[in-house]
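[1] sequence and predicted structure, then a few things I'm wondering about:
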Amino acid sequence: MRIVVGEGSCGIAAGAHKVYEAIEKLGSGIELGITGCIGMCFLEPIVDIYDKDLLACRLVRVKESDAQTIVQAVKSGDLTQLSGLAITEDDKSFLDKQTRIALRNCGIIDPTDIDQYINAGGYKALEKVLSMTPQAVIDEIKVSGLAGRGGAGFPTWFKWNAARESNGEPKYLICNADEGDPGAFMDRAVIESDPHNLIEGMLIGAYAIGAAEMVVYVRAEYPLAIVRLEKAIEQAREKGYLGKNILGTGFCCDMRIKAGAGAFVCGEETALIESLEGKRGMPRLKPPFPAQCGYNDQPSNINNVETFANVAWIIQNGGEKFAAMGTKDSKGTKVFALTGKIKRGGLVEVPMGMTIRDIIYDIGGGIRGDRKCKAVQLGGPSGGCVPYDKFDTVIDYKALAATGAIMGSGGMVVMDDTTCMVGMAKFFLDFTAKESCGKCVHCRIGTKRLLEILDRITKGEGKDGDIELLEELCDGVKSGALCGLGQTAPNPVLSTIRYFRDEYEAHIKEKRCPVGECRDLLTYTIEKEKCRGCTLCAKKCPAKAISGEVKKPHEIDKEVCIKCGQCVTLCRFGAISVR
Amino acid sequence: MKDCKCSHKISDLSLIKNVLDQYKDKPGSLITVLQKAQEIYGYLPTDVIYHIADVMKTTPAEVMGVATFYTQFRLKPVGKYLIMLCQGTACHVNGSERIESAICQRLGICDGDTTQDGMFSLKNVACLGCCSLSPVMMINGETYGSLTPQKAIEIIDGLYAKEADK
Amino acid sequence: MEKITVTINGKVCSGERGDTILNIAAANGIIIPTLCHHYNVKHYGACGICVVEMENSPKLLRACSTVASDGAVYFTESQRVIKVRKIALELLMSDHEGDCRGPCSLNCPAGTDCQGYVKAIAQGDNRHAVEIIKEKIPLPASIGRVCPHPCETACRRAHVEEPISIAFLKYYAADKVLASDDPVIPKPESVSGKTVGVIGGGPGGLTAAYFLSLAGHSVTAYDAMPKMGGMLRYGIPEYRLPKSVLDKEIAEIVSAGVKMENNIKIGTDITLSQLREKHDAVVVAIGAWNNMGLRCKGEDLTGVMGGIEFLRKVALGQPSGIGKSVAIVGGGNTAMDACRTAVRAGAENVYVIYRRTRDEMPAEDIEIDEAIEEGVTFKFLTNPAEIIGENGKVSAVKLQVMELGEPDASGRRSPVPVEGKFETLQVDSVICAIGQKVNVSGFEELELNSRGIISADEHTFATSVPGVFAVGDATNRGASIAIEAIGEANKAAMVIDGYLAGMDTPYRKPYVSERNTEDIDFSRFEKCARTKMPVRPAEERKHDFKEVNLGFSEDAAIAEAKRCLECGCHDYKDCKLIKYANMYDLDADRFAGEKHSCFVEKKLEVIERNQGKCILCNLCVRECKEVAGKGILGLVDRGFKTVIRPEFRDSSVISGCADCLACVDACPTGALKFIGNKK
């Protein structure tokens, strides 16, 4: 039997590596390995026990202190003693409705071992491609209908073709792994869990466009991904998949990593190029497009991680098989990072055409605490929300765009009836305003002003006409901004106004936050009749705003109160009212 | 900058010689050089920036432009413990704002500041990618998840106690 | 080069393949506004002002950088384009911390470029100063002497110690130029063939006549009095404004092409409609020459007269009949002129009766002081209750004693009679200087307002009769100061010029950026006292009508002028931002929010950089790098916090700036200023 610990970033954050070390210490002689992220973040840390090549048992929410039990069980061969840790049937269903292409090896193979990738059928597609003409490769991708998974959904073959037809040597193939959408982490998962899949996909792309150099631009916040990818590149070189004369075909192509330094705007391809050139990541004007004049003013093609992660599969299985999945306009699968007020959060890969409702309820298991679901935010700061009554919308570029949201890079944040939508819009604008590169007027000052208006609304200082002012400014920023960041920054505002105008109005006209989230509109008071004077709240108040004698009603100093809500959570008598 | 006291500090420029030798002839590697410099010095001292500009054959204005554009770079030293508080969407939805005010209250600093005793720096960061553990903070590489304001303060107090023991 | 054809705003334009929309448009006479584009550097695309719409394209294009496609149809001023452009400008202005014009100019009813001429004086260039003044005021030496200078009221130097002596500097420069052999007399540039009749030869009428004449029209000014000048001649006493000065300035107006006809009274010598028929347009600037009555018993007695009437008689050399003791009622400048004239006319006891205290007096402080020096007795908190006569002639005035009550609508505490408390002054005459009325006889066909004053549109100065315009004291709010009339006449001249060309061009107050005075730190300025105007001693001057003021010496004037804080932007006339802001009718306040501070940096030694005015077009950075090859300037930070800074080098190290000024020349606003000496 073999023990495999899920060591993706979130697994490690939840303590997976400590579990690994504990098992390693106790279980000498037992075969122990790691794998990447299976996507079931809500169950981390996860430990899989394999019997030969079959998954015999999956243990979830494992603690360091469980190591002893696990080692014992494995040594004895009696896994029944682990039933307390084993995944429930219900939670297993998280994976049932998924179709995994981009994530096919994630959480299964050891990302630090190229042989495991090869055993899983890896680098076969590359071998196949090297016997095809570049045009044939592009044609196959065209058949598959693969579109950019980074957000814009531009047909991949078209970009490849443009770069291929463009004059100029050398050409570059760049992978955008600057996953900046706060709430999306599928690209990190692919690199951490299946780096060779990315390398192979990129090699195929490089062959198709005629590039001899590949660069992966990875977010600085992903140190583990960088380490794993570095190792994978090294292994691929050793095996002859990278470098000169690949697999003896004469095809030469090498790869390097460029670590980003923290700027969301570098997810925009021209800003990414500026950053690659060592400059401030400020977008360039398009045209010329990178396919004509990109990195180092040479023809360059840029795709994101998830896009490349589909490529080897498409070549292996044929474009038609990929195109068989999905809707008329959107083919294949899409990975979503399901987070927020969801029971089972994590990474899900579903075929295009599935409804939002299926993802949230069948895969995600519904809303935490079975509260009422209000909306889901798609596409992060560039996207919009889809309200509950539109949950039958299917995953499809056009269908989602019609709701005012976008497919985006796959962030799917679930909001329940305690989420203030004005606050949500403000959160995203705060993000885009901070991340605006500052180059163009509409974005630099426009997002700042949008944020200021939203801020005053959430503080109860909104004025009549503010909604219309927001709408007008949003419209101006969308049409006037230079790059995608600015052009899409108003989306969260527009879509929340579209579906939750009443919430805006309540803030502005009644100076009230309907869900009681906007702190400036709240006051915390202790109801004298209910307070027993247990002193718990006073002891735990981080601002020391609560005072009172034992067994006598306490009081909150409103000037000192930071409205953290801690007292409400703590009070056993329901004596603290929030208005 | 008149009020920039750090500009008078003298850094040991020999520490970065190897890095500069490796990258000085590679165009476009300014960000990498700055990342390495920050690894060496803990931040980007002004004299190091000037030195990099000289060796990399660019101007100090250009280097400063890059160093101030990316959030990773620091122009001031950070505290012994760097609290990176996740401001990703999932953390926001699960109350990261409340955690922030509790931490600020406890340490008497705002985002981007360092406590007077040089112990803690607080930095709001983009998604750390531990959405299922939200709200999350990371202190010197260690992740702390499912925070409440109270829990966050206990963690800080714990680190203070640990320091006091030393 | 291959030619292509595009359609821009319906006009077929040809250009070269590969050229941008902006360049092709410009070559075909269509100007697309832009702030961040400059011909000698690479395009950048930041400002978003140059956006244009292309037929069948959902996105707007940046004309500065988009290569025109053959056969494409572009619109540079479509509604969508204007909306986006306007929002960009509103956003830029919402983050703009600077004064386009100094508070002095903004508070001058004529909008005179005070800062401009003060600076010229400081540089010793009086002629240039007068050129600047004459863009707004055709009578600088006269106005410099008499103007109660709202400019000085607004002057920010007052927050340091005292305002700049702006009016007297004008008087100084104008006198110097009048005395020189090189007067400033502009000539009309063209001849329109149209004629304008101006009724009234006072400051308003003369100003309208002057500017309309310079605009190329044939202008005749008519006046009922024997000489031109209006109130400047017949209301302002000689000791304040010598007639010789006024005569010279009026002669200059004649030299500028204005024909003048005196002793013409409308309704008697010619009717308004006759004049209207004779001219293509008529300007009514008849002033307010009638006195308000006292409305107390005895006001019909011989020896009771109006202030204006008294001053006019003295100006005409007629006997005034005031006797030895005279009481002047009122607290304004006319009352001061009257009492000081009475002293000079030989009265031994001169009283000023004013119902409030000195603090509430509308007259200028200096006038009150000088009147006291000349022996005038002020009877504050008194009001005439009755004028007592003997044989139909004034013998005394009975005064009701007053006290101050609650503040009224104007904020001044209103005088209330003290029941039963009176005093009596023995006087030979009573001069009533409590206000003026318009004498509308001869102008009956014009619509009047409820106060019996001619109604004129505030933006077009049009009266109820087509082609007849009206300005000054005779209109709307009634009597005011000369510079108000001049300001209106100035604007009216522009409107009438448009009217004569068949256009409707109402006056619109230009939009400007202004700082809040409260936001300014004045402590950084060194104190430097205001230069006092030297005057003749009271004992000497009270016996004659010679001018009281002696005028500034050259040194004094230059020193005074150098005190100017130069609040207004040096680049106002060339600033592209404010030009566009006015073109697109902004509502800049709606996006008001946090601004960049007005941080001023002089790190580049000969270049001063004002962050508050920087629009981050990055032209300076690009010029420095691409044109000068230096790369001294750079962007720092990102997002809203982005600023442009020179490198952070210690000031002891030479910055490497070549002083080529490429950055200053390219700056579309006043953010960069050359402060060295031109090489």
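    Perfect, thanks for sending it. Residues are numbered from 1 along each chain as shown, chains lettered A, B, ... in the order given.

[2] within the helices and strands, which one has C:Cys567?
    Using DSSP states H and E, C:Cys567 sits within no helix or strand.

[3] if I look at it, how far off is chain B?
    For C:Cys567, the distance to chain B (Cβ to the nearest Cβ, to the nearest Å) stands at 25 Å. C-beta coordinates here come from the backbone N, C-alpha and C atoms, glycine included.

[4] roughly how far apart are that residue and C:Gly124?
    As judged by Cβ to Cβ, to the nearest Å, C:Cys567 and C:Gly124 stand 22 Å apart.

[5] more neighbours: which of the two?
    The residue with more neighbours, out of C:Cys567 and C:Gly124, is C:Cys567; 24 against 12, by other Cβ atoms under 10 Å in any protein chain shown.

[6] and the more buried one, what does it touch?
    Residues near C:Cys567 by Cβ atoms under 8 Å, 6 or more residues apart in numbering or on different chains: C:99, C:102-104, C:115, C:156, C:515.

[7] helices or strands next to the helix or strand bottoming out on mean pLDDT in chain A in the packing?
    One helix or strand of chain A scores below all others by mean pLDDT, DSSP states H and E: helix A:566-570, with a mean of 84. With contacts taken as 3 or more Cβ pairs under 8 Å, 6 or more residues apart in numbering or on different chains; DSSP states H and E, helix A:566-570 sits against helix A:536-540, strand A:576-578.

[8] what do you get if the cut-off is 6 Å, keeping everything else the same?
    If you count contacts as 3 or more Cβ pairs under 6 Å, 6 or more residues apart in numbering or on different chains; DSSP states H and E, helix A:566-570 packs onto helix A:536-540.

[9] just checking, next helix/strand downstream of the helix it packs on?
    In N-to-C order, the element after helix A:536-540 by DSSP H and E is strand A:546-547.

[10] neighbouring contacts of whichever helix or strand comes after that following strand?
    Next helix or strand after strand A:546-547 toward the C-terminus (DSSP H and E): strand A:555-556. Residues outside strand A:555-556 that contact it (Cβ atoms under 6 Å, 6 or more residues apart in numbering or on different chains): A:524, A:526, A:545-546, A:548.

[11] now residue 112, what's its secondary structure?
    Looking at chain A here, since you left the chain open. With DSSP: H, G, I helix; E, B strand; the rest coil as the basis, the three-state label of A:Thr112 is coil.

[12] that answer is for a different chain, and I need it for chain C
    Assignment for C:Thr112 (three-state DSSP): coil.

[13] just C:Ala221 next, same as before
    Three-state assignment for C:Ala221 (three-state DSSP): strand.

[14] quick one: residues contacting residue 110.
    Defaulting to chain A. Per Cβ under 6 Å, 6+ apart, neighbours of A:Asp110: A:33-35, A:116.

[15] please go with chain C instead
    Here C:Ala110 is in contact with C:136-137, C:483, C:486-487, C:490 (Cβ under 6 Å, 6+ apart).

[16] per-residue pLDDT, it?
    On the pLDDT scale, C:Ala110 is placed at 97.

[17] in the stretch 451-600 of chain C, what residue comes closest to chain A?
    Using Cβ to the nearest Cβ, the single residue of the stretch 451-600 of chain C nearest to chain A is C:Gly593, 4.3 Å away.

[18] what's the local residue count around the residue lying closest to A:Gly33 once chain neighbours are set aside?
    Closest residue in space to A:Gly33, ignoring its immediate chain neighbours: A:Val4 at 4.9 Å, by Cβ to Cβ, 6 or more residues apart in numbering or on different chains. Neighbour count for A:Val4, taken as other Cβ under 10 Å: 22.

[19] buried ones in the helix or strand hosting A:Val4?
    Counting by DSSP H and E, the element that carries A:Val4 is strand A:2-6. Neighbour counts over strand A:2-6 (16 or more other Cβ atoms under 10 Å in any protein chain shown) mark A:3-6 as buried.

[20] what of stretch A:511-524?
    A:512-515, A:517-519, A:521, A:524.

[21] which residues touch residue 60?
    Unless you meant another one, I'm taking chain A. Contacts of A:Val60 by Cβ under 6 Å, 6+ apart are A:43, A:46, A:87.

[22] nope, chain C please
    C:Leu60 touches A:479, C:51, C:53, counting by Cβ under 6 Å, 6+ apart.

[23] which residues does the second one form a beta bridge with?
    What that stands for is C:Val51. Beta-bridge pairing of C:Val51 under DSSP bridges involves C:Arg62.

[24] so which elements touch the strand holding A:Val4?
    Right, strand A:2-6 is packed against helix A:16-26, strand A:31-35, strand A:47-51 by 3+ Cβ pairs under 6 Å, 6+ apart.

[25] count of residues packed around C:Met533?
    That count, for C:Met533 with other Cβ under 10 Å as the rule, works out to 18.
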